[in-house]
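Participant: I'll drop the sequence and a predicted model, then ask my questions.
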Amino acid sequence: MTDNNLINVMLDKCDIYYGDALISKESIIKRYIKFFDNVFVGEKHSVSFALHTGSICFDIISVVAVTLGCLSYNFGTNDDIISGLQIGDMVMYENKRYRWKGLEDGNGIKYMVLGQDAKGKNGESIRKISFKRYKHLVKPYYGTSSLTDGRGVRKPKTNREEFLSHIFDIPVADVPSLINVAVVIVSGRGDFSEICKHLSIVYGENKRIRLLDIVPAAYYTGQEEIQFGPNPTKTTPVLKIAGKMSVARNLVLDKYGNKVVGLLVNGVHYLTENSSEIDDLLRRKSLHFVHIALLLNVDASDRILDMYEEANIFACTKSCLSKSIGEIKCVNRFTVELEKQIDNIVNNTVTLITVSGGWTWDEYRRIKNALVLIRQSNWISEQKNEFILCAYGLLNLLNTSVFSMCQIENAITDLKIGTTVLSPKERIDKLWDIAEKAGTMEELCIAVVNDIEEKYYEFMKQSPKALAIKEYLAEHSDRKIAIVVPKAYYTEMMVMTGILNDNDDVVCVTANRFDSTHDYELILVVGDISGKKFDSLQCHSAKNIDILLYECENKSFGYRKKKKEKSEKRLDSRIRGIKYEEDLEDVYIETANEEEKNILQNFSDLEEYIEKINVLDIGKFVESGIVSNSNSPISEVKHVGVFVTGERIFFSKYYTAVVFDYKAGSVTEKAVDKLLPGDFLVFTRRDDYTKNIVDFVYEKLLETGKLSGKVIAASEKTEYWKDALRRYKMRGNYTYSDIAKKMRKIGSSLQEATIRSWLVEDSHIVGPRDVETMGYIAEVTQDVKILNDINGYFEACRIVRRERRTILELIGKAINNKLSGHIPQEGSVLEVVYNNVDNLSETLELENVIELSESVNVSINLVNKPITEAEVLM
């Protein structure tokens with residue numbers, strides 16, 4: 001198929017809907033669709049970026065555009081597909097399986113001959129159909145079934161061929177039944193699933209088609225392939241979705257299956273956190289197009305401008321959007337949200353509310369300069385980093401607190417807030433202890449502690465920002481407001497001190513938990529704070545953003561603001577195709593007060609240093625010799641975390657964390673790369689940490705006979721198929737890669753990483769999510785039990801997964817019961833869960849989690865559990 005001016009067809013012949021909402025008629029969306037003219041440029045390699053408002057409309061359009069763009073690179077025809085069939089191959093026709101019997105000529109007409117096996121007394125049945133008229137309806141079948149009938153085949157009725165005929169302006173009979181190209185899309189599984197569920201395209205005379213009616217799609221975890229929607233012929237997915245850049249890279253490099261012609265990346269964090277993998281993929285000439293769509297972001301736009309000079313850029317800057325404001329063409333919740341975002345960007349105001357009473361700039365600079373000197377010193381001691389971390393944490397607390405020090409000390413003493421919150425007074429005492437043993441750094445350390453302690457006592461009875469926030473809320477009592485704070489316990493403190501009440505119009509959220517999809521009339525930030533999900537200078541969730549700042553915070557914030565304004569000017573110049581020239585104000589920013597700039601840069605370097613020492617020093621750990629201890633089993637570690645209590649954690653690659661949501665009172669399981677600061681992780685107090693608490697409770701329920709016979713039998717089967725595959729691997733001395741290749745030879749699309757994740761010690765995968773994969777396992781291992789009961793083993797996996805979800809719910813109830821003092825009924829399943837949660841669990845709040853640049857092997861005794869630095873180096 002050829003593109004046949006594909007973009008104009010999208011604009012003129014199609015309407016794109018999300019649910020029942022028409023989204024493709026808005027002027028900014030039409031401009032975005034038109035931008036894809038720069039993305040699909042024939043055989044050339046193109047790189048493009050879209051910096052948008054955050055509306056889901058842009059994600060939807062991106063998916064539609066790359067799907068149709070991918071199809072324009074399809075190189076196969078129906079003639080090619082039919083000619084590639086071998087006698088006896090399984091094919092699909094009219095939702096039934098047949099055996100291919102070849103081609104026959106009769107009366108000048110070419111026929112396709114299809115056969116179905118004998119049934120009972122009836123012999124084999126033969127069917128002949130016109131090659132010319134129906135060649136597009138005969139499709140190769142790649143499933144595991146050998147039955148020639150329609151059993152087990154979903155019977156979706158689609159208008160796929162008619163739609164593609166309309167789009168590409170070709171006869172229906174020439175629409176390929178099999179697509180031999182693919183596009184990799186980097187997106188969250190849930191996000192893409194929602195798009196699949198609600199996206200539809202209306203064409204022609206009000207005819208409608210859904211995305212998964214056009215092409216098959218699947219989500220790849222690195223361990224398994226999870227199908228979206230029906231795929232009767234079991235063909236290789238055309239849309240390959242990955243939640244990680246590393247998985248996406250493997251899919252692009254995979255030589256099996258469809259040729260990958262394009263890459264779509266949805267999300268700013270993929271660009272900023274996976275730079276080496278992104279850069280590698282952007283350079284790959286085998287990809288016809290790479291398109292990265294993300295929220296308008298200063299750091300991302302600067303990186304794009306600095307590193308990708310030839311890339312095409314679409315950006316929703318203030319000047320670009322000023323042409324689109326106030327023009328809703330089709331009113332619905334998505335276009336109204338889009339219009340609000342445009343309005344917030346075009347008319348955005350960030351107002352600094354200066355609060356008196358904090359440190360002056362000179363005082364604050366003196367403290368931070370001292371910390372910089374301590375950091376740069378030759379002071380070799382574990383307590384050096386401990387001092388810097390503790391002092392820096394207290395600086396942030398005193399700069400952002402909206403409660404008095406007396407109030408927080410009392411709340412901690414009376415156990416009214418989380419036990420993970422440490423007493424400021426105890427932290428100051430700790431600093432004094434370290435300062436007195438700091439040797440040549442003693443004088444600097446004492447100066448820092450003196451200044452912090454002085455401000456602590458100054459704020460003992462009253463916090464200046466507490467007064468400021470009360471006045472602000474009283475003045476704006478009728479507005480919908482979000483208050484952004486650095487830590488979750490600030491919300492509890494503001495409720496206890498009466499700043500917050502039951503007003504539903506005021507919400508309090510941390511910078512790492514901010515949801516940009518919500519909109520507010522006002523956003524109030526309690527200091528110069530930012531997080532992974534919030535930056536006051538780049539937030540589009542409100543038109544007006546107000547920030548409470550002490551004098552000492554004004555300098556660094558003002559400098560960031562000027563840098564952001566300069567970045568916007570550069571971006572506008574690039575979009576307009578003109579050379580950026582610094583104006584006098586920009587020159588002033590670069591040249592004026594060079595000393596102050598250097599100071600701010602030193603402070604920025606200090607913050608980066610603190611972020612790094614907030615996790616365990618891997619280099620020091622490696623030097624300790626534990627990694628090289630060949631007698632100890634090891635586990636691959638890619639992420640390291642730190643808890644607010646100061647304990648650290650090595651997360652093994654395939655670990656699934658159990659997370660408790662205090663607000664909802666529920667428990668969920670999360671992959672390590674999905675964890676966020678502020679998550680409360682539930683652990684068991686035991687030695688075998690390769691299992692999480694769900695595994696542990698499940699085993700206890702099995703041991704105590706609390707599970708039904710059906711579940712027990714299913715559990716045995718879920719263990720058996722893994723053991724069978726392990727035995728096969730050991731007998732043949734195969735690698736994970738060898739097994740993946742053997743499975744691909746019989747029709748699977750599984751990767752090496754999938755096989756590995758099934759069989760490694762710390763895997764939490766119950767089993768395959770589709771029956772075909774269980775069939776591949778049976779065929780490769782030739783295990784008689786699995787071969788004779790493929791569906792039974794697959795169903796067993798479903799039963800155990802369902803039971804694990806029930807246990808998650810029970811753990812949530814048990815933790816809530818524990819917190820409320822309620823004891824469950826004696827002898828109940830909940831009692832078993834409660835006793836294990838009560839006696840064997842601990843819940844810790846995650847302060848930070850960082851992905852390592854390279855995986856490291858760590859002793860299995862040290863992974864997936866809270867540890868102190870002393871435990872590592874003892």
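Facilitator: Looks like it came in fine. Numbers count the residues shown, from 1 in each chain.

Participant: spit out the contact partners of the nearest residue to Arg284 once chain neighbours are set aside.
Facilitator: The spatial neighbour of Arg284 that comes closest, neighbours along the chain excluded (CB to CB, 6 or more residues apart in numbering), is Val252 at 6.7 Å. Backbone N, C-alpha and C define where each C-beta goes, glycine included. Contacts for Val252 (CB atoms under 8 Å, 6 or more residues apart in numbering) come out as Val184, Val260, Leu263, Leu281, Arg284, Ser286, Leu287.

Participant: buried subset of the residues you listed?
Facilitator: Val184, Val260, Leu263, Leu281, Leu287 (16 or more other CB atoms under 10 Å).

Participant: and the fourth one, how far is that from Glu719?
Facilitator: So the one you mean is Leu281. Distance of Leu281 to Glu719, given as CB to CB, to the nearest Å: 39 Å.

Participant: what does the last one give?
Facilitator: Counting by CB to CB, the gap from Leu287 to Glu719 is 41 Å.

Participant: ditto for the first one
Facilitator: As for Val184, its distance to Glu719 is 34 Å (criterion: CB to CB).

Participant: the second one too?
Facilitator: When distances are taken as CB to CB, Val260 and Glu719 turn out to be 36 Å apart.

Participant: backbone dihedrals for Met112, please?
Facilitator: With angles defined as degrees, to the nearest 10, Met112 sits at phi -100, psi 130.

Participant: just checking, it touches Leu103?
Facilitator: Yes. Judged on CB atoms under 8 Å, Met112 makes contact with Leu103 at a distance of 6.2 Å.

Participant: and these two? Which one has more around it.
Facilitator: Neighbour count, other CB atoms under 10 Å: between Met112 and Leu103, Met112 has more, with 24 against 14.

Participant: partner residues bridging the more buried one?
Facilitator: Leu103, Ile129 (DSSP bridges).

Participant: for Ala411, see how far away it is.
Facilitator: In this structure, Met112 and Ala411 are 78 Å apart, going by CB to CB.

Participant: do the same with Trp379
Facilitator: Summarising the geometry, the distance separating Trp379 from Ala411, computed by CB to CB, is 35 Å.

Participant: give me the common contacts of Met112 and Leu103.
Facilitator: Between them, Met112 and Leu103 share the contacting residues Ile82, Phe131, judged by CB under 8 Å, 6+ apart.

Participant: residues in contact with the helix or strand hosting Lys465: which ones?
Facilitator: Lys465 is part of helix 464-475 when elements are defined by DSSP states H and E. With contact meaning CB under 8 Å, 6+ apart, helix 464-475 is reached by 353, 355-358, 400-404, 481, 483, 494, 497, 499, 506, 524, 526-527, 546, 548, 550.

Participant: check stretch 791-803 too.
Facilitator: Contacts of stretch 791-803 from elsewhere in the structure, counted by CB under 8 Å, 6+ apart, are 698, 707, 710-711, 713-715, 717-718, 720-721, 766-771, 774, 778, 786.

Participant: list buried residues within those residues.
Facilitator: The neighbour-count test (16+ other CB under 10 Å) marks 698, 707, 711, 714-715, 717-718, 721, 766-771, 774, 778, 786 as buried among the contacts of stretch 791-803.

Participant: can you give me how far the strand or helix carrying Cys196 is from the chain middle?
Facilitator: Assessed by DSSP H and E, Cys196 sits inside helix 189-198. Mean C-alpha position of helix 189-198 versus that of the full chain (CA atoms, centre = their mean, to the nearest Å) differs by 14 Å.
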